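Enquirer: My questions concern the predicted model and sequence given below.
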Amino acid sequence: MVVPLEADDKILVQRAKEGDQAAFKELVLRYQRKVYMIVYSMISNHQEAMDKTQEVFLRVHRHLPSFEGTSSFYTWIYRIAVNICIDHYRRRKLLNYEYDDSFKHGPALQEEVFPVVSSASRETPTGRLLREELAAKIREALDKLPPKHRQVLILRELEGLSYQEIADVVGISIGTVMSRLFHARKKMQSRLSHYVN
Amino acid sequence: MSNKTDCRGVKEMLERFLDGELSPQEHDRIRDELARCEECRQQLDRLQKLRALIREVYVEEVRRVNLDAVLPGVMERIRQEKPGWRQSILSWLERYQIGLVSPAAPLGVAAALAAAVIAGTLIYATSGTPEGPEVGKTPVQIAADEPAPPAEEEGGTMLAGAEGAADVLAPDAAANRRSAHEEKPFKRNECYVTYYQVDSGTVIVDVDPDGDAPAVVWHFEGEESPEPGEDNRI
């Protein structure tokens, strides 16, 4: 379960709504990694995820004056992130856009594109190879899920949202959340049977 | 091992058990069943492994991504972004020292939209005075004797309103726009910001609802739809 600093968020959101740029920046810094995680896990491309993450915060900034706080800030921001990813899927489908597979999973964390922190470099070459192989398998399995299944799985497994929170973010019933989670997990178990059995 | 019927019932609840979505009674029941059923334990183990794998891959991968560029990128995009309808109107009010003296009235959005639609329709379709209805208005102060300026903002095109008629002006019809305002400058102490119709991008500022001063109408194009559940008042 996500335990956001709700009280702090409320103060920051209120200050940001009043035009306090420092408060808005603090919100960006606080949520950028979570937003990036959602976006990246849904669109599987670091460059696009970086762009979409910025777009999420741009939209937050644009609509913050009308954010009333009836839902928590983090579910609101997740909803924006999910909507942007859905728009991304739709545009891609509309344009019949085909990912270049070599790029889709390839340049993940290439240092010239996204410099990484030094902890990765302490890993042994063999360990790194195994981890990357496993990561590729998991990304591939996740990418094969229909977007509607993928998003609930990500919100549950990565962000730890409750069923009710997922329902609020995605705009579906709790029953549908459970159904989508069930199918998503079943497919993932099947595709990753070698690793989970 | 428990019988197959029980086992099937447990398996159906294992995901909710894993996700912490069971009642305390259900949780205890599944925990007891798990102690008896090897097959159910294996299924729970697979679900846990799957979660661990997904987290390991994504959390680790994203943890290593340098996000230093996010904040500067966001701030730059905010700076470059043309003002939306909300910012345009607020800056127009601010520039000419028109300040909101009370928060927007907490009226129903449906009534507000209806008011805006009616007002907009009247302005476009008739030659009557474009008076806004009383419902859904927020009083604002306007500097006394200061002519209201033409509303010309980057975020949208002012369609203009004049006494008895609303002239729909093309964006480049600056001369017409000026003339509409010079003929009937706003000199009242109070004006009202009525609500607006988001879908069509129309915003109405009725400067003098009780008199014959014109309403100011903006039409914004290419604006993004607001997020679901937003309060769409200015």
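Expert: Looks like it arrived, so ask away. Residues are numbered from 1 along each chain as shown, chains lettered A, B, ... in the order given.

Enquirer: drop to CA atoms for contacts and neighbour counts, all remaining ones
Expert: Will do.

Enquirer: residue contacts, B:L14?
Expert: Neighbouring residues of B:L14 by CA atoms under 8 Å, 6 or more residues apart in numbering or on different chains: B:I30, B:L44.

Enquirer: avg pLDDT for the helix or strand where B:D45 lies?
Expert: In this assignment (DSSP states H and E), B:D45 forms part of helix B:38-63. On average, the pLDDT along helix B:38-63 is 90.

Enquirer: does chain A sit close to it?
Expert: Yes. Judged by CA under 8 Å from any CA of the partner chain, helix B:38-63 comes into contact with chain A at B:46-47, B:49-51, B:53-55, B:57-59, B:62-63.

Enquirer: which of those residues sit farthest apart?
Expert: Maximum pairwise distance among those (CA to CA): 25.0 Å, between B:R46 and B:R63.

Enquirer: mind giving me the domain split of chain B?
Expert: Taking automatic domain parsing as the domain assignment, the ranges for chain B are B:4-63, B:80-219.

Enquirer: One more: chain A?
Expert: What the record gives for chain A is the domain set A:1-102, A:121-192, from automatic domain parsing.

Enquirer: Mean neighbour count, distance to B:F17 and mean pLDDT for the ones you listed - can I get that in JSON lines?
Expert: JSON lines is the format used below for these (neighbours: other CA atoms under 10 Å in any protein chain shown; distance: least, CA to CA, whole Å; pLDDT from 0 to 100):
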{"stretch": "domain A:1-102", "mean neighbour count": "17", "distance to B:F17": "13", "mean pLDDT": "84"}
{"stretch": "domain A:121-192", "mean neighbour count": "17", "distance to B:F17": "12", "mean pLDDT": "88"}
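
Enquirer: Just send these back as a markdown table, with distance to chain B too.
Expert: Shown next, in a markdown table, are these (distance: least, CA to the nearest CA, whole Å):
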| stretch | distance to chain B |
| --- | --- |
| domain A:1-102 | 5 |
| domain A:121-192 | 5 |
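
Enquirer: Which one of these lies nearest to B:E26?
Expert: domain A:121-192 (16.5 Å).

Enquirer: I'd like the distance from the closest one to the chain centre, please.
Expert: Mean-position distance between domain A:121-192 and its chain equals 10 Å (CA atoms, centre = their mean, to the nearest Å).

Enquirer: and if you look at stretch A:75-82?
Expert: Centroid separation for stretch A:75-82 versus its chain: 9 Å, with CA atoms, centre = their mean.

Enquirer: Quick check, central residue of chain A?
Expert: By CA atoms, centre = their mean, chain A has its centre lying nearest to A:I38, at 0.3 Å.

Enquirer: Okay, and A:L129 sits in which element?
Expert: Per DSSP H and E: A:L129 is located in helix A:125-144.

Enquirer: Run the angle between that helix and helix B:38-63 for me.
Expert: On the basis of axes from the mean of the first three to the mean of the last three CA atoms, to 10 degrees, helix A:125-144 is oriented at 100 degrees to helix B:38-63.

Enquirer: What helices and strands are in contact with helix A:125-144?
Expert: The contact analysis (3 or more CA pairs under 8 Å, 6 or more residues apart in numbering or on different chains; DSSP states H and E) places helix A:125-144 against helix A:174-191, helix B:38-63.

Enquirer: Same list (the residues of helix B:38-63 next to chain A) but as a markdown table, adding neighbour count.
Expert: Conversion of the residues of helix B:38-63 next to chain A to a markdown table gives the following (neighbours: other CA atoms under 10 Å in any protein chain shown):
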| residue | neighbour count |
| --- | --- |
| B:R46 | 18 |
| B:L47 | 21 |
| B:K49 | 16 |
| B:L50 | 22 |
| B:R51 | 19 |
| B:L53 | 19 |
| B:I54 | 22 |
| B:R55 | 16 |
| B:V57 | 19 |
| B:Y58 | 20 |
| B:V59 | 17 |
| B:V62 | 20 |
| B:R63 | 16 |
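
Enquirer: can you list the residues you listed in a markdown table and add distance to B:R8?
Expert: Listed next are the residues of helix B:38-63 next to chain A as a markdown table, based on distance: CA to CA, whole Å:
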| residue | distance to B:R8 |
| --- | --- |
| B:R46 | 16 |
| B:L47 | 16 |
| B:K49 | 21 |
| B:L50 | 20 |
| B:R51 | 22 |
| B:L53 | 26 |
| B:I54 | 26 |
| B:R55 | 28 |
| B:V57 | 31 |
| B:Y58 | 32 |
| B:V59 | 33 |
| B:V62 | 37 |
| B:R63 | 39 |
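
Enquirer: how about the residues of chain B near chain A?
Expert: With CA under 8 Å from any CA as the criterion, chain B meets chain A at residues B:15, B:19, B:21, B:46-47, B:49-51, B:53-55, B:57-59, B:62-67, B:70-71, B:73-74, B:77-78, B:226-227, B:230-233.

Enquirer: From B:H27, how far off is A:Y36?
Expert: The gap separating A:Y36 from B:H27 is 34 Å, by CA to CA, to the nearest Å.

Enquirer: and what of A:K187?
Expert: Distance from A:K187 to B:H27, counting by CA to CA: 25 Å.
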